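Enquirer: Here is a sequence together with a model predicted from it:
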Amino acid sequence: MLRGIRNASSNWIGKTIMTVVMSLLIVAFGLWGIADIFRGFGQSTVAKIGNTEISVTDFRETYTNSLREIGRRENRPLTSEQARQRRIDQTILKETINRAALDETVSRLGLAMSEPQVESAILSDPRFRGPSGVFDPKIYVNQLANMGTRDQRYRADLREQSLRAQLAGSAITGLEPSRTQIDLLGRWVTEQRNIDYITLGEAEAGTIAAPTEDELNAYFAANKVMFSAPEYRQFSFLIINPEEVAKTITISDTDAKARFEKRKESLNKPERRQVHRLLFSTIEEAQAARARLAQGVSFDDLAKDSGADPTDVNPGMVTKADILDPVVADAAFALSLGETSQPIQGMFKVALVKVDQIEPGREASYDDEATNIKQELALEEAAKKLSDLRNRMEDEHGAGSSVIESAQKLGLTAVTVDAVDRSGRGSDGQLIKTIPAGTDLLQKVFESKVGIDNDPISFRGGYVWFDVLNVTAPRQRELAEVKSLVEENWRKEQIATKLRARADGLQQQLKSGRAFAEIATETGVKLESSPPLTRSGKSELPKEVLAMVFKTAKDGIGEVPVDDRIVLFRVTNVTTPTIDPASEASRNMRLGLVRIMSDEQLSAFVDQLTNDIGVKINQSAFELATGANQVQ
C-alpha cells in the first residue's frame, strides 16, 4: 500500500490529491479525539519518571536489542508474542524504568562525569586495546561499529552508566553477611548425598505391538494439533552493513603490505611473564622473606602472612610495560624461569619477584597478519561505501523496486528463503542457517504482509531490508502425510506409559523392604552407586535427578522421568562437611552473599526512588513499542 501511495504521488496531480486526502485525515483525527498523539504525554512516550521521559523510539530499541540478546543466548529467535507469554516485555519495562529513576535522581543530585574521566574510562577499557596492550583508535571505531553505535553516542551512554553505578554503589556500600548466614549457606552448598539407582529404558517397557488402524486413527484424532503444518512464509532480504559490504571488496597485497609496514611495531607480540611479587618497606624485611623462601616457604604463604592482596601478588601474565615500576620491570624480565630475585629497591618500595612462566615474544610477519589486515582495510572501505549504498537502496526500494530488484541494481545479491516457520525452521524441520542471528528479522517477517513496504531493521552498524513474497497458511495434515511420525509418537507414548507403571511397581517393592540389588537383578538392569553428590557440583546424573535427590530424605525413594528413561533411586547417605571460616570456600560464600544482599538492597533502593519520584506508564504506547497492538 505504501509503495502504491508513493507511486501515486509521483506527479503533480497525484501530489495535489494526496495533500487533500492527508489534510482531511488530520482533521478527522482531531474530530475523533485522536489528536493526543500529537501533544503532551501521548503516543510518543512509554513512561515518565519525574522529568525523565522514555520515548517509544528509545524503548523499542531497548526492547528489540534485549530480545535479540536473549535469542542469541537461547540459540533461536524470540518473537514479541513469545516474549509477552514469558512476561519478558514487562521485565524490560521495569528495568528501563529503574534506569530512568536512577538517571532522574542523578540529575536532581547534580552528579556529573567530566570529559577527562570519560576519556580515561575509554583508554583503560581492554576491549579497545591492540596487540601491544595500549589503546588503538581503529579497534575502538571497529568495536563501536560492531555494537551499532558511534563515538558521541557511546560516550553519552558510558557517562550515564557510570553515574548510575556511582549512585547505586552508594546504596550498597558496607553490606556484610553474618557468620550464621555464611554457615547456613555453607551447609546448603557443601551438603553431600549418595544414592543407589537403576535406569529403566525401552527394553524394560516390554514388547510394544504395532498399533491397529483403529488405534492409530484414534491417536491421530486426539492429537491433531501436534501434527498440523505451521504457517510458512517466503521472503527475501538484503543486508547492507560493514561486515557484509566488506565481503564484496578485494584488498590487494600491495595495500595490505603498506598497512602492515606502517603498523608492524604495534603488531609485534611482546614477551609476557607470570611474575609473583611481594613488596616491603625495607631491604631487611625483603631479605628476611627471601631467607624463608630459601627454606621452602611458598610465595603464597608469604603473601598470606603479610596480608597482601592475592591479585597484587600474582597479577597474571604481564608484559614489561604492564609493571609500573621500571626498576622492578627490568629485574623481573632479566630473571630465568623459576628464579627468585634478590631484594630490588624500586621507585616506591623494596620488591621480591619470582618468574613462574615465560611466554616468548614474537615479531609480526606479513603472512601471519595478512588476513586480519585485509579484513580491517575491507571494513574501512565498506564504511566509506555504506552511506552511499544505504541511500541508493532507499531510493530504489522507495521507488517501488522489490528488495531483489533493488539489490541487483546495486550489484548486490539478496537472499531468498523459500519457506520458514516462526521458529526459524524450514518445511523439512531443519533450522535455516541463512537467516542472520542476532536480529529480529524473522519476527518482523511474520508481523508483515505480502506487498508491504517494510522499514529496514538496524543490524550491526547497518540495515536489513526485506520483502514478504508469499504466505502459506497453517493447515491440518492428513494421517497419510504423517503416518510414520504418528506411529513413532504413539509408540513413544506407549513405552512411557509402561515404564511409569513398571517404575511405580518397583518403587512399591522397595518401600515394602525388598533389597534394591535383588530388584535390579530380577529386572535385568545394573544397580549403580553414585559418588558423593552436591547441589552445584558436576555429575553424570541428569539435573532433574540431582534436583529430586536433594528433595528426598535419607533412605527415601524417588523416581524421575528423563527423556525416554526413568531413574529410580534411594538416598543412602547424607553428610555436611565442616567449613573452615578462613578457607577460600568460606570467603567465596561470603562474597556470594554480599552480591545477593547488594542485589536485594539495590532493588529496594530503586523501588523507593520510583515510589518517591512517581511513575506514569502509557499502556497504549507500551503496546505500540512492543508490537502488542498488532496481535489479532
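Expert: Yes, it's here.

Enquirer: Please work out which residues outside the host helix or strand of Q152 touch it.
Expert: Counting by DSSP states H and E, the secondary-structure element that holds Q152 is helix 151-172. Contacts to helix 151-172, defined as CB atoms under 8 Å, 6 or more residues apart in numbering, come from residues 99, 102-103, 105-106, 109, 111-113, 117-118, 121-122, 140-141, 144, 147, 149, 597-598, 601-602, 605-606. Every C-beta, even on glycine, is put in place using the N, C-alpha and C of the backbone.

Enquirer: can you check stretch 314-327 too?
Expert: For stretch 314-327, with CB under 8 Å, 6+ apart as the criterion, the contacting residues are 132-134, 270-277, 299, 329-330, 332-333, 344-348, 351, 357, 359.

Enquirer: switch to 7 Å and redo it
Expert: Outside stretch 314-327, the residues that touch it by CB atoms under 7 Å, 6 or more residues apart in numbering are 133, 270-276, 329, 332-333, 344, 346-348, 357, 359.

Enquirer: Roughly how far does the nearest residue to E231 once chain neighbours are set aside sit from R233?
Expert: Setting aside the residues directly before and after it, E231 is nearest to P474 in space (CB to CB, 6 or more residues apart in numbering), at 4.6 Å. Distance of P474 to R233, given as CB to CB, to the nearest Å: 11 Å.

Enquirer: which one of those two has more residues nearby?
Expert: When neighbours are counted by other CB atoms under 10 Å, P474 and R233 differ, and R233 comes out ahead with 21 against 10.

Enquirer: Now do the same for the more buried one: helix, strand or coil?
Expert: State at R233, reduced to three classes by DSSP: H, G, I helix; E, B strand; the rest coil: strand.

Enquirer: Equivalent analysis for the one 5 residues further on, please.
Expert: Here L238 is strand, with the state taken from three-state DSSP.

Enquirer: same for the biggest helix by length in the chain, what does it pack against?
Expert: Selection of the longest helix in the chain by residue count, based on DSSP state H, yields helix 366-398. Helices and strands in packing contact with helix 366-398 are listed as strand 232-240, helix 242-246, helix 253-267, helix 403-409, strand 462-472; criterion 3 or more CB pairs under 7 Å, 6 or more residues apart in numbering; DSSP states H and E.

Enquirer: Just name the most buried of those.
Expert: Using mean count of other CB atoms under 10 Å, the stretch among the helices and strands packed on helix 366-398 with the largest mean neighbour count is strand 232-240, at a mean of 22.

Enquirer: other SSEs contacting it?
Expert: With 3+ CB pairs under 7 Å, 6+ apart as the test, strand 232-240 has helix 366-398, helix 403-409, strand 415-420, helix 441-447, strand 462-472 packed against it.

Enquirer: Just give the strands next to it in its sheet, each with its orientation.
Expert: Partner strands and pairing direction for strand 232-240 (DSSP bridges) are strand 415-420 (antiparallel), strand 462-472 (antiparallel).

Enquirer: For the first one, what does the pLDDT average out to?
Expert: Strand 415-420 shows an average pLDDT of 96 in the prediction.

Enquirer: so how far is that strand off the chain centroid?
Expert: Averaging C-alpha coordinates over strand 415-420 and over its chain gives two centres that are 27 Å apart (CA atoms, centre = their mean, to the nearest Å).

Enquirer: ok, and for that strand, which residues are buried?
Expert: Residues of strand 415-420 classed as buried under the neighbour-count rule (16 or more other CB atoms under 10 Å) are 415, 417, 420.

Enquirer: So which residues make contact with it?
Expert: Counting by CB under 7 Å, 6+ apart, residues outside strand 415-420 touching it are 232-237, 426-427, 432, 434-435, 442, 472.

Enquirer: Need phi/psi at L431.
Expert: In terms of degrees, to the nearest 10, the main-chain angles of L431 are phi -60, psi 140.

Enquirer: Mind pulling up the pLDDT for it?
Expert: Each residue has a pLDDT score; the one for L431 is 90.

Enquirer: swap in the one 3 residues further on?
Expert: Looking at T434, its pLDDT stands at 91.

Enquirer: thinking again about what came up before, can you put the helices and strands packed on helix 366-398 in CSV and add mean pLDDT and distance to L324?
Expert: Below are the helices and strands packed on helix 366-398 laid out as CSV (pLDDT from 0 to 100; distance: least, CB to CB, whole Å):
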stretch, mean pLDDT, distance to L324
strand 232-240, 94, 45
helix 242-246, 82, 37
helix 253-267, 85, 21
helix 403-409, 93, 54
strand 462-472, 94, 42
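
Enquirer: E623 is nearest to which of these?
Expert: With CB to CB as the measure, strand 462-472 is the member of the helices and strands packed on helix 366-398 nearest E623 (22.7 Å).

Enquirer: List the buried residues for the helix or strand following that closest one?
Expert: Stepping forward along the backbone from strand 462-472, the first helix or strand reached (DSSP H and E) is helix 483-511. Of the residues in helix 483-511, 486, 489-491, 494-496, 498-499, 502-503, 506-507, 510 count as buried by neighbour count, 16+ other CB under 10 Å.

Enquirer: And the next helix or strand past helix 483-511?
Expert: Per DSSP H and E, the first helix or strand lying C-terminal to helix 483-511 is helix 516-523.

Enquirer: Check which helices and strands the helix or strand just after that next one sits against.
Expert: Following the chain from helix 516-523 toward its C-terminal end, the next helix or strand by DSSP H and E is strand 528-529. Using 3+ CB pairs under 7 Å, 6+ apart as the contact criterion, the elements in contact with strand 528-529 are strand 192-200.

Enquirer: Try it again at 10 Å.
Expert: Counting contacts by 3 or more CB pairs under 10 Å, 6 or more residues apart in numbering; DSSP states H and E, strand 528-529 is packed against strand 192-200, strand 565-575.

Enquirer: now what about it, what contacts it?
Expert: 194-199, 516, 520, 540-541, 567, 569, 572-573 (CB atoms under 10 Å, 6 or more residues apart in numbering).

Enquirer: Number of residues surrounding E104?
Expert: Residues near E104, counting by other CB under 10 Å, number 19.

Enquirer: And it, how far from G614?
Expert: 10 Å.

Enquirer: Could you name every residue contacting both of those two?
Expert: Residues within reach of E104 and of G614 at once, by CB under 10 Å, 6+ apart, are 48-50.

Enquirer: Now render these as TSV, adding secondary structure and distance to A165.
Expert: Formatted as TSV, the shared contacts of E104 and G614 follow (DSSP: H, G, I helix; E, B strand; the rest coil; distance: CB to CB, whole Å):
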residue	secondary structure	distance to A165
K48	strand	24
I49	strand	18
G50	coil	20
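
Enquirer: Just among those, which is most surrounded?
Expert: Ranked by neighbours (other CB under 10 Å), the shared contacts of E104 and G614 are led by I49, which has 24 neighbours.

Enquirer: That residue is in contact with R99, isn't it?
Expert: Yes: the pair I49 and R99 passes the contact test of CB atoms under 10 Å, sitting 9.5 Å apart.

Enquirer: roughly how far apart are L184 and E160?
Expert: Going from L184 to E160 by CB to CB gives 38 Å.

Enquirer: what do you get for G338?
Expert: Applying CB to CB to G338 and E160 gives a distance of 48 Å.

Enquirer: swap in L469?
Expert: Counting by CB to CB, the gap from L469 to E160 is 42 Å.

Enquirer: Just say helix, strand or coil for A101.
Expert: With three-state DSSP as the basis, A101 sits in helix.

Enquirer: Compute the number of surrounding residues for it.
Expert: By the measure other CB under 10 Å, the count of residues near A101 is 26.
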